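Chemist: how would this look folded up:
(2 chains)
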There are 2 protein chains.
Amino acid sequence: MVDYRIEKKSEAGNELHEMMEAAYGRLVEEREQGIAGYYNLPEDAPLIVDEVEADAAGRESWKSADTVVVIGIGGSSLGAKAVDQALRPLGGALRRLIFLENPDTLEIREKFAAIDPKKSLFIVISKSGGTIETTSIFKLAIAHFGLDVDGKDRERIIVITDDGSILSRYAQKHGLASYLIPANVGGRFSVLSAVGIVPLTLAGYDTRALLAGARRMVDGFFARREDHLLHKAAFFAANWQQYRMNVLFAYGSCLEDFTKWYVQLWGESLGKIDTDGHRVGLTPLGHIGSVDQHSFLQLIIEGPRDKTVTFLKIETVEGDLEIPRITLEFIEKTDYINGHTLHDLLNGECDATMESIRNEGVPTDAVVMDRLSPENIGELILYYELLTSLVGAMLHIDTYNQPGVELGKKILVKKFQNKGSDNV
Amino acid sequence: MVDYRIEKKSEAGNELHEMMEAAYGRLVEEREQGIAGYYNLPEDAPLIVDEVEADAAGRESWKSADTVVVIGIGGSSLGAKAVDQALRPLGGALRRLIFLENPDTLEIREKFAAIDPKKSLFIVISKSGGTIETTSIFKLAIAHFGLDVDGKDRERIIVITDDGSILSRYAQKHGLASYLIPANVGGRFSVLSAVGIVPLTLAGYDTRALLAGARRMVDGFFARREDHLLHKAAFFAANWQQYRMNVLFAYGSCLEDFTKWYVQLWGESLGKIDTDGHRVGLTPLGHIGSVDQHSFLQLIIEGPRDKTVTFLKIETVEGDLEIPRITLEFIEKTDYINGHTLHDLLNGECDATMESIRNEGVPTDAVVMDRLSPENIGELILYYELLTSLVGAMLHIDTYNQPGVELGKKILVKKFQNKGSDNV
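Modeler: Residues are numbered from 1 along each chain as shown, chains lettered A, B, ... in the order given. Prediction:
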């Protein structure tokens, strides 16, 4: 169960009411016309779980693997990484997940050293099929581990990509297992497609429960049981020129990658030129409580009034630790916490920080999970995806494209082509 | 060697020239009057290195330890963590560093499980001495590991705090080794005081070289050899209402914690109410290339013109990996990178991204290290500290206090005290 507490609603005047209804209508349209495919993943993706389980049952190398290596970057890695980090502390995962994302020499060397190829599956994920970081790291892995794509290692190499992409043709040629991403599901909305579901299922997570939680949210939203989303989106859209940033302050170290997933979803979807040619955009920031209270809180409290803050909190955790009734001489003033639990302290800090921020008039809202669970994480994924689509609709932008990143890619290719063949 | 490339200088009119000179003068004053003590750390802290080495030589438990556990949060952990992450890939560290920062049950349980107390040193760091997260985790560690503070484990427990603080009195009572933080060195400026130097020296890093690099920068600045800092600060201060955010885009996974250190330094120092009672502040964001090109770049390129971007780059790394000359059928378009190195790709992405951002008119600058080294990291630390002081001076704020975070702390204490004694 997840509880959504909006503190400040915009005054629901007629204009705002119309904006909310129009945005709701646009999402209905996007779903019906297949403009965005993510709405259907909670219903459709259980089939992928079945498929992965059936495939695994027939392959010795899959059953004996203790590690799943994901080669992918951005939308191809952030979602699964977020779910893995959030759920791993619950225990019960079958296999390690190792993500090879950044083309960073030092990091790749270190991660390669931790991989035993005979006990690993390698999943290459790229929507377009030609992501330069991903193909480069895949080539390095082939050479480093001596992977025989046509022989002994064929079964260990799995591909996830768009139907008909250059990578899917590569997979076909070599007879590799492959799973497809629907064409109308963009990278940053793809965590509940094969992109996230295949590695997470292989890692042993209860992806059916993850999808069930997601479905609860998407069905509830379209049945108008989650209208708090409309109110929250309307506040962001109506006030974006004042409140240019949203800070997701997550209380729990295992939610750090979730904030990174949110940053991509929000930043890449909502930083756009609108239909009138104006630049719009909300800047997402991820922070972790209570650590970042010692880092970022001062700026929120006394700095410019240009931020909203969303608190993400977990009501209870398993195996909570009691702070011992020890008195440190001269430091007796901290004894008020003795006998409480560490999680009480963390959540107490969350509540106290929220209160002090509200006192200052900063708009806040809270998202409270009763506990860490696949259902709740799935629900939260859809919550943020729907929120993003709603704000995009209200800002009159194309939420699903990313034209701004193309130029850099072209410059990169040109730089290397101009280096001439003596280097290559 | 670190190279600083500012692309856009503000037009150096008279007013701006005066602002720069006044800020320079204020820093001279801060140093001479001891208002901020960090300016002297590069010169003074080698004595701490000597002291730690002498102390270690006489203690068997220090010599045989393979792990240094740091119990501290915020300014008491971020700096050492940043240096550790940046320099560990170079090899040669003697001991693991484990940071116990967040009062997060799941994280603390996991980290406790990785600690063998018989092979560990425990460093408790708190400037005031009464940081609630730190004392709580210390109490948990005492109970969990059965630490005998007055007996067998006395030698393993080290304290770093202000002279005369409640924690220093606790240390004195139990005869613990302790190192002091100068009163005029705030937490976020303390990495080159005992706070960072003690754990980093014990971990086996060349902290003398770290301090030498820092000294090169601070001496150079006061000798007017680093005036690029004045120009950069002036651009931020003069344009902060338009460019409200600075993105530190660091190309290198091992620089992620450095960006977090920067976020604290910048956010907590520069988010303030100025001498005229106005809220001012620049919001810092840390991002890692090339991963976050797939996350945040679209927003920079097409979103509102409210950000500046600083690129942090490492010219060469040791043990660079050549991308094999493998052609993946159907994906031949990525072959342009074959035969180049992975670091070439990373830096090529950095250059291409910088160029595409500049084409859009976003103000950028670049900080280029010739390589990862203690000297360069030390220099960068002072570079950012001086920059922060300069911007603070130009914005007419108190760079060194953090009044905004006090209210939350009071609310926290009250919450637990009101829970009544039945809970406690």
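
Chemist: Packing partners of the helix or strand bottoming out on mean pLDDT in chain A?
Modeler: Least confident helix or strand of chain A, by mean pLDDT, DSSP states H and E, is strand A:2-6 with a mean of 88. Using 3 or more C-beta pairs under 8 Å, 6 or more residues apart in numbering or on different chains; DSSP states H and E, the elements in contact with strand A:2-6 are helix A:228-238, strand A:364-369, helix A:374-394. For the C-beta atoms, the positions are set from N, CA and C on the backbone; glycine is no exception.

Chemist: domains of chain A?
Modeler: A:2-31+A:225-397, A:36-205 (automatic domain parsing).

Chemist: Would you work out how far apart the start and end of the first one are?
Modeler: End-to-end distance of domain A:2-31+A:225-397 (C-alpha to C-alpha, to the nearest Å): 29 Å.

Chemist: what distance separates that domain from the centre of its chain?
Modeler: Its chain's C-alpha centre and that of domain A:2-31+A:225-397 lie 14 Å apart, by C-alpha atoms, centre = their mean, to the nearest Å.

Chemist: next one: the shortest one
Modeler: When distances are taken as C-alpha atoms, centre = their mean, domain A:36-205 is centred 16 Å away from the chain's centroid.

Chemist: From the opening residue of that domain to its closing one, how far?
Modeler: End-to-end distance for domain A:36-205: 26 Å, by C-alpha to C-alpha.

Chemist: For the stretch 1-150 of chain A, which residues score under the pLDDT cut-off?
Modeler: A:7-12 (pLDDT under 70).

Chemist: Contact partners for the residue in it that chain B sits nearest to?
Modeler: Nearest residue of the stretch 1-150 of chain A to chain B, counting by C-beta to the nearest C-beta: residue A:74, 2.6 Å away. Shown in contact with residue A:74 (C-beta atoms under 8 Å, 6 or more residues apart in numbering or on different chains): A:101, A:187-188, A:264, B:291, B:293-295.

Chemist: quick one on the thing from earlier: point out the most buried one among the helices and strands packed on strand A:2-6.
Modeler: Mean neighbour count, computed with mean count of other C-beta atoms under 10 Å in any protein chain shown, is highest for helix A:374-394 among these, reaching a mean of 24.

Chemist: show me what contacts residue A:230?
Modeler: So residue A:230 contacts A:20, A:23-24, A:390 (C-beta under 8 Å, 6+ apart).

Chemist: who wins for neighbours among those residues?
Modeler: For the contacts of residue A:230, the largest neighbour count, defined by other C-beta atoms under 10 Å in any protein chain shown, is 26 neighbours, found at residue A:390.

Chemist: What's the per-residue pLDDT of that one here?
Modeler: Looking at residue A:390, its pLDDT stands at 98.

Chemist: Excluding covalently adjacent residues, which one is nearest to it?
Modeler: Of all residues beyond its chain neighbours, the one nearest residue A:390 is residue A:233 (3.6 Å), with distances taken as C-beta to C-beta, 6 or more residues apart in numbering or on different chains.

Chemist: tilt between the host helix or strand of residue A:261 and helix A:374-394?
Modeler: Per DSSP states H and E: residue A:261 is located in helix A:256-270. Here helix A:256-270 points in a direction 20 degrees away from that of helix A:374-394 (axes from the mean of the first three to the mean of the last three C-alpha atoms, to 10 degrees).

Chemist: Check which residues of helix A:256-270 are buried.
Modeler: Across helix A:256-270, burial judged by 16 or more other C-beta atoms under 10 Å in any protein chain shown covers A:256-270.

Chemist: Closest to residue A:114 out of those?
Modeler: Of all those, residue A:114 sits closest to residue A:257, with 18.4 Å by C-beta to C-beta.

Chemist: Tell me which residue is most central in chain A.
Modeler: Chain A has residue A:261 as the residue nearest its centroid, 3.0 Å off, counting by C-alpha atoms, centre = their mean.

Chemist: Not counting its neighbours along the chain, what's nearest it?
Modeler: Nearest one to residue A:261, counting by C-beta to C-beta, 6+ apart, is residue A:82 at 4.1 Å.

Chemist: tell me what the strand or helix carrying that neighbour is packed against?
Modeler: In the assignment (DSSP H and E), residue A:82 maps to helix A:78-87. In this structure, helix A:78-87 makes packing contacts with strand A:96-100, helix A:194-202, helix A:256-270, helix A:374-394, judged by 3+ C-beta pairs under 8 Å, 6+ apart.

Chemist: just to revisit the earlier point, would you format the helices and strands packed on strand A:2-6 as a markdown table with distance to residue B:277 included?
Modeler: Conversion of the helices and strands packed on strand A:2-6 to a markdown table gives the following (distance: least, C-beta to C-beta, whole Å):
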| stretch | distance to residue B:277 |
| --- | --- |
| helix A:228-238 | 28 |
| strand A:364-369 | 24 |
| helix A:374-394 | 33 |
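
Chemist: List just the one of these that sits closest to residue B:151.
Modeler: Of all those, strand A:364-369 sits nearest to residue B:151, with 43.2 Å by C-beta to C-beta.

Chemist: So what are the sheet partners of that closest one and their directions?
Modeler: In the sheet, strand A:364-369 lines up against strand A:2-6 (antiparallel), strand A:307-314 (parallel) (DSSP bridges).

Chemist: can you give me the strands for chain A?
Modeler: For chain A, the strands defined by DSSP state E cover A:2-6, A:67-71, A:96-100, A:120-125, A:157-162, A:177-181, A:245-251, A:272-273, A:279-280, A:283-289, A:307-314, A:364-369.

Chemist: What are the buried residues along the fifth one?
Modeler: The reference is to strand A:157-162. Residues of strand A:157-162 classed as buried: A:157-162 (neighbour count, 16+ other C-beta under 10 Å).
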